[in-house]
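J.: Got a predicted model here, sequence first, then my questions.
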Amino acid sequence: MGPGKRLLAKYNSWKLGRKLLVAFALVSIIPILFVQIVAFQINKNQMTEKIDELMVSNLTQIAERVNLNLKIYTNLIYQIYKDEQVIDNILALEDDQDSRKAVAYNQVVNRLKQYHNSEAGIRCLSIVCPDGGAVVYDFETDSSLNTVWQDYSDLRQTPPYLESADAPGMVVTDTMNFNGKEKGHFYHISKRMFDFDHLERGCIATVIMTIEERSLNAICSNGDMDEYSINFIINEERRVVSYPDEDFAGIVMNPELEIEDFVRVSGYLRNRDMTINRYEDPITGWIFCNAYDKDYMLKDVTRTQQALVLITVLTLLFATSLIIYTVRTMDASVRSVVSGMQQVQKGNLDVVVPVRSFDEIGTIADNFNDMTVKVKELIEEVGEAKEQQKNAEIRALEAQINPHFLYNTLDSINWMAIEKGEFEISKMLRDLGVILRYSVNKSNQMVSIWEAADWLEKYISLHQMRFNNAFSCEINVEERIRGGKIYKLLLQPFVENSILHGFRDIESGGLLRIDMSSAEDGGGITIIIEDNGKGMPPHLLKNYNDKEKAIADDGRGIGLHNAFARMHMYYGDEASWNVSSICGMGTVVTLRLPLRKGEEP
């Protein structure tokens, strides 16, 4: 015997109380602590996922707010783009007379001043003509000369102008740095302008809106949370569009430097467990990023876990004390039940186990006492049942006398009819005898289809004689299915319904036709029972074609409901049927049954 089996045998030899104590010590304490650790990790991971989802959602909202601001700015550009006064004065800038050009220049400047609204962040508006002439108004300096573009001699060389040159719509240019009299970071929205009355002239100017980068930074800011979480924007070329520290706006990240490393180099979230989330805006193409301190975000989870560990230790100490008390109490109750079982094993059914508690062991003891009483009663009932069984067998033997007496009587009458030359009566008696034997002997067994057809022919012939040949009958059985199996008397109710109800009060001309053939799909048989009788009312037709109503007990025991119920009982969902009828013209019953082969059940 191996060490494992020896250990298991020793464990099985212990008393129940000792087993429970050891099992509790080994199975409860270690798993609970293990579960605590696993649960903490799972909870931590789930919280991290939720925080990441929240951060991405926040980035999405930031992107939407940025797009909303851009939409406001672009709407303002569209107003300038469609301003006829601005267009006319831009065209006048091409005039050869300096006086007229000066007037047009001042009118454009004054018009641009009027487009300054309460939307924060717009630094200046510029209109650059194809010949290099430009009208610029700086809202910060309130000047058309002291502007952010003063270091550029030709505004046609600026990125916003160059990027919009071949673009049909609005163009957003990422952050640019200016190092003139003041240092600033801006991004731009530009669009080409046209004279709508003379589109053949082509582009007459390009309007450029310059927006301060801090407007983006204000949208991205987390307020007091910037120490633990920051939001910033980069473009596809890893150029920083907006950053909490504006000194980093406009620079291009080192391709070999991860975003996480860049955040640390910039002075944020140093020596912290950092997580980066990204959202790429499909409209601007900008990548909105978030970096947060994971430990800070999960501090509440960590504190909760520490509290749970302390509570678990205290709970285990209390549970250990309680389990010791419970085991000792339960051991005493189990011993009394075991003692009672041993008494019953010896044949003492009068033993009564004392009920010491109202828990499961007490329930077992109480049920044990009830069981001993019921066992005594069952022993007595078994004796009575055996006596009743003998009496039932005797009555069954007596009941067999009646069918044999009936068969012998019919046979005697048949010979008497033959002796007197009543051959038609003799034929009816023979058919009736066959029908009775066929019907009474194992009525639920299966027979071949040709046997069922032969019996139906005899059964129908009796009805033809009874009704003075008021109807004729045709039975057609396809040769390939003659050996198939069908349950006895399954078709009799359908035939009887056609004769008794369909041909009622008909003196001649009735036709009953029964066709048995293989189904079109080859998986079963199709039986069609058709008559040209009176038909049936619509409410019966509806009931018979409703499966649930068709197999319901109609209270008469036999008939079509009984036949449909037997079909469902024998074949289940493999069987189906359809009843069609027209009052005064006849009824057609179509049965579809699975084809059974082999021995009878």
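T.: Structure's in. What do you need?
J.: need the helix or strand of this structure with the lowest average pLDDT.
T.: None of the helices or strands of the chain scores lower by mean pLDDT, DSSP states H and E than helix 401-419, at a mean of 59.
J.: residue ranges with poor pLDDT in the stretch 251-400 of the chain?
T.: 356-358, 383-400 (pLDDT under 70).
J.: which residues in it form strands?
T.: Using DSSP state E, counting those that start in this stretch, the strands found in the stretch 251-400 of the chain span residues 274-280, 287-293.
J.: Would you format those as CSV with distance to L456 included?
T.: C-beta coordinates here come from the backbone N, C-alpha and C atoms, glycine included. Shown next, in CSV, are these (distance: least, C-beta to C-beta, whole Å):
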stretch, distance to L456
strand 274-280, 80
strand 287-293, 84
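J.: Turn these into CSV, including distance to I364 and mean neighbour count.
T.: What follows is the strands of the stretch 251-400 of the chain, written out as CSV (distance: least, C-beta to C-beta, whole Å; neighbours: other C-beta atoms under 10 Å):
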stretch, distance to I364, mean neighbour count
strand 274-280, 57, 17
strand 287-293, 59, 22
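J.: low pLDDT regions in the stretch 101-250 of the chain?
T.: 117-120, 174-183, 224.
J.: all strands for it, in order.
T.: 122-128, 134-138, 171-179, 183-194, 203-212, 229-234, 240-242.
J.: got the buried residues for the longest one?
T.: By that I understand strand 183-194. Neighbour-count burial for strand 183-194, counted by 16 or more other C-beta atoms under 10 Å, picks out 184-193.
J.: re the thing from before, with N69 as the reference, name the closest of the strands of the stretch 101-250 of the chain.
T.: Smallest distance to N69 across the strands of the stretch 101-250 of the chain (C-beta to C-beta): 8.4 Å, for strand 203-212.
J.: Can you give me the buried ones in the closest one?
T.: Going by 16+ other C-beta under 10 Å, strand 203-212 has these buried residues: 204-212.
J.: List phi and psi for L593.
T.: phi -120, psi 150 (degrees, to the nearest 10).
J.: mind putting the buried residues of strand 203-212 in TSV, distance to I283 included?
T.: What follows is the buried residues of strand 203-212, written out as TSV (distance: C-beta to C-beta, whole Å):
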residue	distance to I283
I204	28
A205	26
T206	22
V207	20
I208	20
M209	17
T210	20
I211	16
E212	21
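J.: Greatest separation within those residues: which pair is it?
T.: I204 and E212 (28.0 Å).
J.: from the chain's centre, how far out does the longest helix seen in the chain sit?
T.: Determined from DSSP state H, the single longest helix within the chain is helix 30-82. The chain centre lies 27 Å from the centre of helix 30-82; the measure is C-alpha atoms, centre = their mean, to the nearest Å.
J.: same question, stretch 352-370
T.: The answer for stretch 352-370 is 47 Å, by C-alpha atoms, centre = their mean.
J.: Any idea how far apart the tips of it sit?
T.: Stretch 352-370 has an end-to-end distance of 9 Å (C-alpha to C-alpha, to the nearest Å).
J.: Show me what counts as buried in that stretch.
T.: By 16+ other C-beta under 10 Å, the buried positions in stretch 352-370 come out as 353, 355, 361-362, 364-365, 368-369.
J.: Ok, stretch 584-593 next?
T.: 586-589, 591-593.
J.: out of those residues, which one sits closest to N290?
T.: When the buried residues of stretch 584-593 are compared against N290 (criterion: C-beta to C-beta), the nearest one is R592, at 67.3 Å.
J.: Can you tell me who the closest one pairs with across the strands?
T.: Counting by DSSP bridges, R592 is bridged to T526, S576.
J.: so what's it up against?
T.: Applying C-beta atoms under 8 Å, 6 or more residues apart in numbering to R592 gives the contacts 519, 524-527, 575-577.
J.: among the strands of the stretch 251-400 of the chain, which is nearest Y243?
T.: Closest among those, using C-beta to C-beta: strand 287-293, at 9.7 Å.
J.: tell me what that closest one is packed against?
T.: If you count contacts as 3 or more C-beta pairs under 8 Å, 6 or more residues apart in numbering; DSSP states H and E, strand 287-293 packs onto helix 30-82, strand 229-234, helix 259-265, strand 274-280.
J.: if you set the cut-off to 6 Å instead, what comes out?
T.: The helices and strands touching strand 287-293, judged by 3 or more C-beta pairs under 6 Å, 6 or more residues apart in numbering; DSSP states H and E, are helix 30-82, strand 229-234, strand 274-280.
J.: With distance to G559 added, can I get the ones you listed in CSV?
T.: Output for the helices and strands packed on strand 287-293, formatted as CSV (distance: least, C-beta to C-beta, whole Å):
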stretch, distance to G559
helix 30-82, 65
strand 229-234, 81
strand 274-280, 74
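J.: Most tightly packed of these?
T.: strand 229-234 (a mean of 24; mean count of other C-beta atoms under 10 Å).
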